[in-house]
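# Build the 3D model from these lines:
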Amino acid sequence: MRKIKIEQLYHYLVLALIMLILVAPMLATIVYSFSTSWGVSLLPEGPTFDWYVSLWTDERFLDSLIRSLWICLATLFITLIFTFPVIFVIHYYFPKLKSLMNVVVVLPFAVPPVVVSVGLLQIYSDEPLAITGTPWILIGCYFIIALPFIYRAIENNLTAINLRDLVDTAHLLGANTFQAVWLIILPNLRNGMLSAIFLAFSFLIGEFLFANMLVGGQYETLQVYLYNIRHRSGHYSSALVVSYFLLILIFALLANTLSRDKRKN
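This is a model prediction of the structure:
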């Protein structure tokens, strides 16, 4: 019994140490963002909200935040519009193609983002589609990034609800395919789709490489803005990082809540 308690204590100590290593940088960043100065002393000299006031009254920051939100939401909307019909057709009419699609949707992770960015710069820097430096090229890139998240979530949910039986039953009751999808299938996919949207959004809002290489300062997003102000006050940058993490945390918690509710149902 004593040996078991010692082993449990050892496990708890290791877990506490790992949590401390993971949490300490974030806690230091939070404290630094609320301090007037923190240099040679062990503790910050005084609390202040000036850095957050300066951040959230900065029009350049607000513009970059709005741009990032617009790009992410537009990407997710387009991804859902184009992805759901394809998944439905494959599941209901061509189930043998599911294995092929499972391979296709993970291909974006097989090519390094730097290679993709260089290729896109060469293709879309000249006419007839000179969209480098515009949000449209980012939406296209983000569509490819969000596709695996959205596809996997919808595909798993369609498998779980037994799509074919539901649609066939609706047909027997007099409904056409569109009515079956709109009135039966989509309501059953709501929680799963929202969860996938929030997870994909949390990933897209933090994407930097594509945004920096393809648009840069011509269409400054949140991550590019954070990179461009790296030489400003560390307190200001810390306030931006904390605000960014809070935004990601909110969407991650929403996704987790929806997933948990779905499992309960």
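
# Isn't V105 up against L147?
Yes: shown here, V105 and L147 form a contact pair, counting by C-beta atoms under 8 Å, at 5.7 Å. Every C-beta, even on glycine, is put in place using the N, C-alpha and C of the backbone.

# Are there residues contacting both of these two? Which ones?
Residues within reach of V105 and of L147 at once, by C-beta atoms under 8 Å, 6 or more residues apart in numbering: there are none.

# and after the top helix by length along the chain, which helix or strand comes next?
Criterion DSSP state H: the longest helix present in the chain is helix 59-92. Next helix or strand after helix 59-92 toward the C-terminus (DSSP states H and E): helix 98-104.

# Strands of the chain, residue ranges please.
In the chain, no strands are found when defined by DSSP state E.

# thinking again about what came up before, any idea how far the longest helix of the chain is from the chain center?
Distance of helix 59-92 from the chain centroid (C-alpha atoms, centre = their mean, to the nearest Å) equals 11 Å.

# Next: stretch 153-165.
23 Å.

# List the neighbours of that stretch that are in contact with it.
83-84, 87-88, 91-92, 98, 101-102, 185, 188-189, 192-193, 195-196, 199.

# try stretch 242-261
By C-beta under 8 Å, 6+ apart, stretch 242-261 touches 26, 29-30, 33, 52, 55-56, 191, 194-196, 198-199, 201-202, 205-206, 222, 226.

# Kindly recompute the last result at 6 Å.
Contact partners of stretch 242-261, identified using C-beta atoms under 6 Å, 6 or more residues apart in numbering, comprise I30, S33, N191, L194, S195, F198, L199, F201, S202.

# Quick one: residues contacting the first one.
Residues touching I30, when contacts are defined by C-beta under 6 Å, 6+ apart, comprise V242.

# what's the distance between it and Y236?
Separation of I30 from Y236 (C-beta to C-beta, to the nearest Å): 14 Å.

# just the second one next, same as before
Distance of S33 to Y236, computed by C-beta to C-beta: 8 Å.

# Give the residues shared as contacts by these two.
W51.

# neighbour count winner among these two?
S33 (23 against 18; other C-beta atoms under 10 Å).

# didn't that one look like it was pressed against A239?
Yes: applying C-beta atoms under 6 Å as the test, S33 and A239 come out as touching, 4.3 Å apart.

# where do the contact lists of those two overlap?
What both S33 and A239 touch, as defined by C-beta under 6 Å, 6+ apart, is the set W51.

# what's near enough to touch the nearest residue to L214 once chain neighbours are set aside?
With sequence-adjacent residues excluded and distances taken as C-beta to C-beta, 6 or more residues apart in numbering, L214 is closest to I137, at 5.2 Å. I137 makes contacts with Y124, I131, L214, as judged by C-beta under 6 Å, 6+ apart.

# for stretch 176-185, what is the average pLDDT?
When pLDDT is averaged along stretch 176-185, the result is 86.

# Please identify the buried residues of it?
Using 16 or more other C-beta atoms under 10 Å as the test for burial, stretch 176-185 gives A180, V181, I184, I185.

# Also stretch 201-221?
201-207, 210-215, 219-221.

# Work out the gap between the element among helices and strands of the chain having the smallest mean pLDDT and the centre of the chain.
Within the chain, confidence by mean pLDDT, DSSP states H and E is lowest for helix 234-264 among all helices and strands, at a mean of 75. Taking C-alpha atoms, centre = their mean, one finds the center of helix 234-264 at 10 Å from the center of the full chain.

# quick one: it to helix 59-92, angle?
Orientation check (axes from the mean of the first three to the mean of the last three C-alpha atoms, to 10 degrees): helix 234-264 against helix 59-92 gives 20 degrees.
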